[in-house]
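**Student:** mind folding the following:
(chains A, B, C and D)
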Number of protein chains: 2
Amino acid sequence: MNNDAMQPIPLPTIRRFPEYLRFVEDKRLAGEEWISTTEIGAAIGRKSVVVRKDLSYSGVAGHPRRGFRLEELAPALRRSLGWDNATDAFLVGVGSLGQALLGYGGFANYGMRIVAAFDCNDDITGGSMAQSQIFPIQKLPQLAKRMNVKLGIIAVPQDVAQSVANILVDAGIRGIWNFAPVQLDVPSNVVVRREDLSHGLAVLSYQLREECETIRPE
Amino acid sequence: MNNDAMQPIPLPTIRRFPEYLRFVEDKRLAGEEWISTTEIGAAIGRKSVVVRKDLSYSGVAGHPRRGFRLEELAPALRRSLGWDNATDAFLVGVGSLGQALLGYGGFANYGMRIVAAFDCNDDITGGSMAQSQIFPIQKLPQLAKRMNVKLGIIAVPQDVAQSVANILVDAGIRGIWNFAPVQLDVPSNVVVRREDLSHGLAVLSYQLREECETIRPE
DNA sequence: TAGATTGTTAATCGATTAACAATC
DNA sequence: TAGATTGTTAATCGATTAACAATC
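**Tutor:** Now for the predicted structure:
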């Protein structure tokens, strides 16, 4: 019944889960009780059969003719994502990107909470921003141990990203969300996820040009 | 020889192109002349055969025993991406995310230039930020036509994203880079690319939990 | 030459899609 | 019941990987 360590969920499915969750939560707040995969698909732009296949991994069963019970589906999606208990995270680098991440209030919905920020610039350490204190990077190891933090966010310039990663790993961090455009070198038991805007922009640029060219006849 | 409208390039390949380009540019600046796919793969964490297959789409031929000529490869990658001529773009929404995007200097490398920003908040319109003037959103249509801008970036809250998209489309914008977590409804000839941090965080959370669980024996 | 490298073809893998049976 | 919906199995599609020939 429960899917801990049962079958692994394909990553494309995992990527779609947050969209389902967002829609499902909206509907629940709107007071609905049931939702069909047809409706979910229409809302987020996917075929209903994809939604149905994906939801089967959540462990929740649907009801023919009615769909899925929202009260069941929302927590199941959250659990599958590991978002049922918010994970504490450290942010390293309080430049413009770091500030945007600190200012973004939505991470609570994504099972994450930034509990402290770090920087090497003395002008901003000691202060706080969006309810997070900013510490000098030297304090990271002791605070990571004391607060038992396992997730680190790297929002520093490219050239110091690897050294920040080393500090995080030494401090016992198990997962890194990396916003620097560098391939980090870490032990195999540390999970790294790299966020790279150039990927999305590449696809957009390519499709944009393609679109223009298919228009021109010849 | 040249690959305009020749065979379409697979999107996974397009997504990897910026990484190749970054590395290739570094090597070129370092004064190197040749680069092998083995070396590129090692640097960015891919198998050399993937790199080789991908580079074949760029239209550049390698040389057995030496690899690829950097002077040829860099411009070819740029061209394939449509990054050979910088595209002018409008940014809509100058909140914390919008400010981070304006402040980020790296888009020039990605073939894009933010030429103006728009917001509906009177307190910031009229001013400027990171060399971009901030205009009231009402000015967007006339400026889009005058400056012939075809790319729009949406960095506004969820609930106004669709209405901003409508404004952009009416103003003749052909591509939208959407940072709001909403499925935009636009005509089929407008290309939309949605950037959604929750996807990456979902994968990270899932892998992080999986990692912890595979450790535990039983 | 020997061997590192490119480039291509065939095999594999995994996700999406199509088709359809099961359910209330 | 009829029909909307779930859920599953088989077919398709496309990308990755493996194997190997070609080149200098």
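**Student:** ok, the residue in chain A that DNA strand D sits nearest to - how many residues close by?
**Tutor:** Going by Cβ to the nearest atom of the strand, DNA strand D is nearest to A:Gly62 of chain A, at 3.1 Å. From N, CA and C alone the C-beta is placed, and that goes for glycine too. By the criterion of other Cβ atoms under 10 Å in any protein chain shown, A:Gly62 has 18 neighbours.
**Student:** repeat for A:Phe23
**Tutor:** By other Cβ under 10 Å, neighbour count at A:Phe23 equals 18.
**Student:** what about it, which helix or strand?
**Tutor:** helix A:11-29 (DSSP states H and E).
**Student:** tell me the buried residues in that helix?
**Tutor:** A:13-25, A:27 (16 or more other Cβ atoms under 10 Å in any protein chain shown).
**Student:** verify the stated contact: A:Leu97 with B:Ala100.
**Tutor:** Yes. Between A:Leu97 and B:Ala100 there is a contact under Cβ atoms under 8 Å: 4.9 Å.
**Student:** more neighbours: which of these two?
**Tutor:** A:Leu97 (25 against 20).
**Student:** specify the local secondary structure of the more buried one.
**Tutor:** Under DSSP: H, G, I helix; E, B strand; the rest coil, A:Leu97 falls in the helix class.
**Student:** what's the pLDDT at it?
**Tutor:** Reported pLDDT at A:Leu97 in the predicted model: 93.
**Student:** contact partners for it?
**Tutor:** By Cβ atoms under 8 Å, 6 or more residues apart in numbering or on different chains, the contact list for A:Leu97 reads A:155, A:179, B:100, B:104.
**Student:** if I look at the second one, how far off is B:Gly62?
**Tutor:** Read that as A:Phe179. Between A:Phe179 and B:Gly62 the computed distance is 33 Å (Cβ to Cβ, to the nearest Å).
**Student:** just the third one next, same as before
**Tutor:** Distance check for B:Ala100 against B:Gly62: by Cβ to Cβ, it reads 38 Å.
**Student:** chain A: strands as residue ranges?
**Tutor:** Per DSSP state E, chain A carries strands over the ranges A:34-35, A:68-69, A:87-92, A:112-119, A:128-129, A:132-136, A:151-154, A:175-178, A:191-194.
**Student:** how about a markdown table for these, with distance to chain B added?
**Tutor:** Formatted as a markdown table, the strands of chain A follow (distance: least, Cβ to the nearest Cβ, whole Å):
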| stretch | distance to chain B |
| --- | --- |
| strand A:34-35 | 16 |
| strand A:68-69 | 19 |
| strand A:87-92 | 7 |
| strand A:112-119 | 7 |
| strand A:128-129 | 10 |
| strand A:132-136 | 13 |
| strand A:151-154 | 7 |
| strand A:175-178 | 4 |
| strand A:191-194 | 4 |
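**Student:** which of these sits most buried?
**Tutor:** Ranked by mean neighbour count, those are led by strand A:151-154 with a mean of 26 (mean count of other Cβ atoms under 10 Å in any protein chain shown).
**Student:** what helices or strands is it leaning on?
**Tutor:** When contacts are defined as 3 or more Cβ pairs under 8 Å, 6 or more residues apart in numbering or on different chains; DSSP states H and E, strand A:151-154 sits against strand A:87-92, helix A:158-170, strand A:175-178.
**Student:** may I see the buried residues of the lowest-mean-pLDDT helix or strand in chain A?
**Tutor:** Lowest on mean pLDDT, DSSP states H and E among the helices and strands of chain A sits helix A:197-215, with a mean of 87. Residues A:197-210 are the ones in helix A:197-215 that count as buried (16+ other Cβ under 10 Å).
**Student:** that one - contacts with which helices or strands?
**Tutor:** With 3+ Cβ pairs under 8 Å, 6+ apart as the test, helix A:197-215 has helix B:11-29, helix B:70-81, strand B:175-178, strand B:191-194 packed against it.
**Student:** how about these in a markdown table, adding distance to A:Glu39 and mean pLDDT?
**Tutor:** What follows is those, written out as a markdown table (distance: least, Cβ to Cβ, whole Å; pLDDT from 0 to 100):
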| stretch | distance to A:Glu39 | mean pLDDT |
| --- | --- | --- |
| helix B:11-29 | 28 | 97 |
| helix B:70-81 | 37 | 97 |
| strand B:175-178 | 22 | 98 |
| strand B:191-194 | 20 | 96 |
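**Student:** could you save those as JSON lines and add columns showing distance to DNA strand D?
**Tutor:** Compiled in JSON lines, those are given as follows (distance: least, Cβ to the nearest atom of the strand, whole Å):
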{"stretch": "helix B:11-29", "distance to DNA strand D": "4"}
{"stretch": "helix B:70-81", "distance to DNA strand D": "15"}
{"stretch": "strand B:175-178", "distance to DNA strand D": "21"}
{"stretch": "strand B:191-194", "distance to DNA strand D": "17"}
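**Student:** shaky segments in chain A?
**Tutor:** Low-confidence segments of chain A, defined by pLDDT under 70: A:1-6, A:213-218.
**Student:** DNA strand D contacts on that one?
**Tutor:** A:36-38, A:48-49, A:52-53, A:55-56, A:61-68 (Cβ under 7 Å from any atom of the strand).
**Student:** residues in contact with the closest residue to A:Ala43 other than its chain neighbours?
**Tutor:** Distances taken as Cβ to Cβ, 6 or more residues apart in numbering or on different chains put A:Phe23 closest to A:Ala43, at 5.2 Å, once the chain neighbours are dropped. Neighbour list for A:Phe23: A:35, A:40, A:43-44 [criterion: Cβ under 8 Å, 6+ apart].
**Student:** which of the residues you listed sit farthest apart?
**Tutor:** Using Cβ to Cβ, the pair of these lying farthest apart is A:Ile35 and A:Ile44, separated by 11.9 Å.
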